[in-house]
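Student: Prediction below, plus the sequence it came from.
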Amino acid sequence: MIAGYGILVPLFLATLWAFLRFSPKSSRGETVKAYNIGTFVVALALGVGYAVRLYVAMSSGSDFGWWPVVAPLAVLAISSGVLILSGILRNWVFFRVRGELSNSGMTRFSEGSGDWGGVVLKGRV
């Protein structure tokens, strides 16, 4: 159990940090904020729902005393999975910045008569 917490707590903190850190900076800031809050609500609801299900399933067994130890592990795993999946969907599907590649110093070539849709580097060549 200690190893489970030792793995899942840092994993949850890393996914929480990445989810908040890589939130898109767009003109639709309120929409992104609502999406983020919705993600936290869904993660919390799924985690609490599974903890209640675990309590009910373990209440009649001999291992009933372990549900308070096992439930937070499940909540950490579920919440981490929801944050990872939701962050990927948010950044690459719903709020994707179109027309520029992300922060890599590259932009699409669109000027001149030779527009072939390729990628050129900004700055020195």
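Tutor: Arrived safely.

Student: which secondary element of the protein has the worst mean pLDDT?
Tutor: strand 106-108 (a mean of 48; mean pLDDT, DSSP states H and E).

Student: doesn't residue 40 fall inside a helix?
Tutor: Yes: assessed with DSSP: H, G, I helix; E, B strand; the rest coil, residue 40 lies in a helix.

Student: what about it, how many neighbours?
Tutor: 15 (other C-beta atoms under 10 Å). Heads up, the C-betas are built off the backbone N, CA and C, glycines and all.

Student: Roughly how far does it sit from residue 70?
Tutor: 23 Å (C-beta to C-beta, to the nearest Å).

Student: swap in residue 36?
Tutor: 29 Å.

Student: and the closest residue to residue 50 other than its chain neighbours, what does it touch?
Tutor: Nearest non-adjacent residue to residue 50, counting by C-beta to C-beta, 6 or more residues apart in numbering: residue 74, 5.2 Å away. Listed by C-beta atoms under 8 Å, 6 or more residues apart in numbering, the contact set of residue 74 reads 47, 50, 51, 54.

Student: Now do the SS call for residue 4.
Tutor: helix.

Student: Other residues contacting stretch 57-66?
Tutor: With C-beta under 8 Å, 6+ apart as the criterion, stretch 57-66 contacts 67, 70.

Student: Let me fix that, I meant to ask about stretch 82-96.
Tutor: Looking at stretch 82-96 with C-beta under 8 Å, 6+ apart, the contacting residues turn out to be 12, 15-16, 18-19, 22-24, 26, 28, 31-32, 35-36, 39, 42-43, 46.

Student: buried stuff in stretch 34-43?
Tutor: Neighbour counts over stretch 34-43 (16 or more other C-beta atoms under 10 Å) mark 35, 36, 39, 43 as buried.

Student: Return the alpha-carbon coordinates of that stretch using CSV.
Tutor: Output of stretch 34-43 as CSV, limited to C-alpha atoms (Å, rounded to 0.1, in the frame of the first residue of the first chain):
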residue,chain,number,x,y,z
ALA,A,34,-15.3,26.2,-17.8
TYR,A,35,-13.8,23.1,-19.4
ASN,A,36,-11.1,22.8,-16.7
ILE,A,37,-13.7,23.2,-13.9
GLY,A,38,-15.9,20.6,-15.6
THR,A,39,-12.9,18.2,-15.8
PHE,A,40,-12.3,18.6,-12.0
VAL,A,41,-16.0,18.0,-11.3
VAL,A,42,-16.0,14.8,-13.5
ALA,A,43,-12.8,13.5,-11.9
